[in-house]
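# Prediction below, plus the sequence it came from.
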Amino acid sequence: MKKTLVFATVVVLSASSLLPAEAALTVSRSRVIVNEGDKSASMSVTNRNTQEPYLAQTWIEDETEAKVTSPLMVLPPVQRIEAGSKSAVRVQVLPDIGKLPKDRESVFWFNLREIPPRSDKPNVLTLALQTRLKIFWRPAAIKVDSKSDSFPGIQNVTLAKNGNRYTLNNPTPYHLTFVEGRSSVKGKGKEGFEPIMVAPKAQTALNVGAADLGATPVLVFVNDYGSLRLLPFQCTGSACKAQPVITPES
């Protein structure tokens, strides 16, 4: 999923001037999949502001959020995008990619910071907004069919009730991102559920109570195309097994 952050501000005269900010620069993808053997992956950046040009600063971070220039790098690191125009950025694969694990995905973060033109007016709020999206490097052994809208082995995901929490076990080699929890397929998302990304072959506790999700919990996950899919579970005692993936009704 994309994240847009307010990175910097300038003091203004009135708090009433503080309105919700929208990014001028948008990215054509919600996530990037780089398969083993790919030399690069491209995406477009569009300047939705029809009046002013923006600078686009881009970089990559690893899973610890440290900036890296290998085994992936983004080109160009800085470019000017004219008003109402679009441009391309490329995630370049470097030789060190061969050092990554071959039995599971590796995750990185693509970062785009938009830099607006400096205003010549006094007391004007200036925002530098930053968009982040995930890059997944996927070794050949676990490549996903481009026609698939799910992940191989996701039916092996389990939930285990521990006290008033469910612990999710992800035995797959994929990072699974869950954005919503429900108590039934047609139920509403439970308040307080925070999106989580569960690493390959890892476990994590869900952040809502087991009682809120009940004995037929449903987790909503994001597939390779940024679309939402439902993963229902059937529980017996404290153990819950995944059922077939469901495409939500539009």
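Received it, and whenever you're ready, just let me know what you need.
# how is the protein carved up into domains?
3-141, 154-242 (automatic domain parsing).
# Indicate which one of those is closest to Lys147.
Proximity to Lys147, assessed across the domains of the chain by C-beta to C-beta, is greatest for domain 154-242 (10.7 Å). For every residue, glycine as well, the C-beta is placed using N, CA and C.
# Let me see the mean pLDDT of that closest one.
For domain 154-242, the mean pLDDT works out to 96.
# picking that back up, put together JSON lines for the domains of the chain, with distance to Lys147 and mean neighbour count on each row.
JSON lines is the format used below for these (distance: least, C-beta to C-beta, whole Å; neighbours: other C-beta atoms under 10 Å):
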{"stretch": "domain 3-141", "distance to Lys147": "14", "mean neighbour count": "15"}
{"stretch": "domain 154-242", "distance to Lys147": "11", "mean neighbour count": "17"}
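# Bridged to the nearest residue to Asn164 once chain neighbours are set aside, which residues?
Residue nearest to Asn164 in three dimensions, not counting chain neighbours: Gly209, with 4.9 Å by C-beta to C-beta, 6 or more residues apart in numbering. Per DSSP bridges, the residues bridged to Gly209 are Arg165.
# any idea how far Gly209 lies from Lys190?
9 Å (C-beta to C-beta, to the nearest Å).
# do Thr158 as well
19 Å.
# same check, this time on Thr172
According to C-beta to C-beta, Thr172 stands 24 Å off from Lys190.
# Can you classify Gln155 as helix, strand or coil?
Following DSSP: H, G, I helix; E, B strand; the rest coil, the label given to Gln155 is helix.
# From Ala242, how far out is it?
5 Å.
# try Arg138
21 Å.
# do the same with Val208
On the measure of C-beta to C-beta, Val208 and Ala242 end up 18 Å apart.
# Partner strands of the strand or helix carrying Phe136, with direction?
Phe136 belongs to strand 129-138 when elements are defined using DSSP states H and E. Partners of strand 129-138 in the sheet, by DSSP bridges, are strand 3-6 (antiparallel), strand 31-35 (parallel), strand 106-115 (antiparallel).
# And the helices in this protein?
210-213 (DSSP state H).
# Hmm, Val89 is touching Ala56, no?
Yes: Val89 is within contact range of Ala56, at 7.5 Å (criterion: C-beta atoms under 8 Å).
# list the residues that contact both of these two?
Val45, Gln79, Leu112 (C-beta atoms under 8 Å, 6 or more residues apart in numbering).
# Can you add pLDDT and distance to Leu100 and give these back as CSV?
CSV is the format used below for the shared contacts of Val89 and Ala56 (pLDDT from 0 to 100; distance: C-beta to C-beta, whole Å):
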residue, pLDDT, distance to Leu100
Val45, 98, 26
Gln79, 98, 28
Leu112, 98, 23
